[in-house]
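Participant: Dropping a prediction and its sequence here:
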Amino acid sequence: MGAALVVALDVALTGALHLDAVADTADGLASRRPREQALAVMREPQVGAVGAVAVGVLLLLRFAWIAALAAAASWALLAVAPVCGRAAMVLALCRGESHRAELGGRPSLAAGTSAAATRAVAAGALLLATAVAALAGLLGAGPQGAAVAVSALVVAALIALLAERAWRARFGSFTGDATGSAGMLAELGALAVLAALAVG
């Protein structure tokens with residue numbers, strides 16, 4: 001019950017913003033259409049079958065891994081995952097001028113945030129995220145928990161950077177939907193590492 005409430009609260013607080021991005025990117029990638037046509041698919045308000053399945057799988061994994069943390073009474077570690085996801089998004093956004101390009105004649109939603117995500121800002125975000133992760137890990141599971149929490153941040157950062165690189169190779173610019181999806185995947189990776197600690 002606790003895990004379900006956490007997932008529901010997260011969706012309510014974020015307005016499902018990043019879940020919408022996951023659905024859009026899944027639909028666009030699944031279309032296998034040329035760049036501009038795939039981006040047009042992502043801009044459509046309707047969610048396709050692949051997008052719905054992608055969001056469903058993501059929520060199921062989040063629920064399972066949050067439930068593992070709840071079963072181990074490691075609630076403090078829950079604070080680590082969103083911190084890892086947001087810091088990873090900043091890191092991905094700071095890479096390259098191409099993020100600021102216009103897509104299909106329309107500026108990307110990532111344009112404004114990528115302009116603010118300088119290397120200094122990204123470094124500050126990572127340092128702050130490291131401190132928060134280490135503290136939450138320490139409170140949740142002692143010194144081992146701190147080490148695992150920092151490892152979760154590293155995993156999240158790597159996932160976001162790989163997603164950013166793959167996206168730029170396919171579409172040339174890092175869009176708002178891509179940013180949200182990268183953040184959700186990074187957060188999911190962090191949750192997986194934290195859940196492994198709880199199960200172990």
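Facilitator: Yep, it's here.
Participant: Mind jotting down where the helices sit in this structure?
Facilitator: Along the chain, counting by DSSP state H, helices occupy 2-14, 17-31, 35-43, 49-71, 80-93, 110-116, 119-171, 176-199.
Participant: per-residue confidence at the residue lying closest to Leu161 once chain neighbours are set aside?
Facilitator: Residue nearest to Leu161 in three dimensions, not counting chain neighbours: Ala92, with 6.1 Å by C-beta to C-beta, 6 or more residues apart in numbering. Placement of C-beta: from N, CA and C, glycine included. Looking at Ala92, its pLDDT reads 89.
Participant: Wait, Ala92 touches Ile159, no?
Facilitator: No: under the criterion of C-beta atoms under 8 Å, Ala92 is not in contact with Ile159, lying 9.3 Å apart.
Participant: so what's in contact with the two at the same time?
Facilitator: Applying C-beta atoms under 8 Å, 6 or more residues apart in numbering, one finds that Ala92 and Ile159 are jointly contacted by Ala182.
Participant: between those two, which one's more packed in?
Facilitator: Of the pair Ala92 and Ile159, Ala92 is the one with more neighbours under other C-beta atoms under 10 Å, namely 30 against 24.
Participant: gap between the more buried one and Arg86?
Facilitator: From Ala92 across to Arg86, the span is 11 Å (C-beta to C-beta, to the nearest Å).
Participant: Could you name every residue contacting both of those two?
Facilitator: Gly183.
Participant: Which residues are in contact with Met89?
Facilitator: Contacts of Met89 by C-beta under 8 Å, 6+ apart are Ala160, Thr179, Gly180, Ala182, Gly183, Ala186.
Participant: surely the last one meets Pro82?
Facilitator: No: between Ala186 and Pro82 there is no contact under C-beta under 8 Å: 10.1 Å.
Participant: More neighbours: which of these two?
Facilitator: Ala186 (30 against 18).
Participant: check contacts around that one.
Facilitator: With the criterion set at C-beta under 8 Å, 6+ apart, Ala186 makes contact with Cys84, Gly85, Ala88, Met89, Val155, Ala156, Ala157, Ile159, Ala160, Ala163.
Participant: Check the spacing between it and Ala72 real quick.
Facilitator: Distance of Ala186 to Ala72, computed by C-beta to C-beta: 22 Å.
Participant: before we move on, what about Ala190?
Facilitator: Relative to Ala72, and taking C-beta to C-beta, Ala190 is found at 16 Å.
Participant: Tell me which of these two has more neighbours.
Facilitator: Taking neighbours as other C-beta under 10 Å, Ala190 and Ala72 compare with Ala190 leading, 30 against 17.
Participant: Kindly provide the distance from the more buried one to Ala122.
Facilitator: Applying C-beta to C-beta to Ala190 and Ala122 gives a distance of 17 Å.
Participant: dump the residue contacts of the nearest residue to Val53 once chain neighbours are set aside.
Facilitator: Spatially, and ignoring its direct neighbours in sequence, Val53 is nearest to Ala26 (7.6 Å; C-beta to C-beta, 6+ apart). Ala26 makes contact with Gly48, Val50, Gly51, Val53, Ala54, Val55, Ser181, according to C-beta under 8 Å, 6+ apart.
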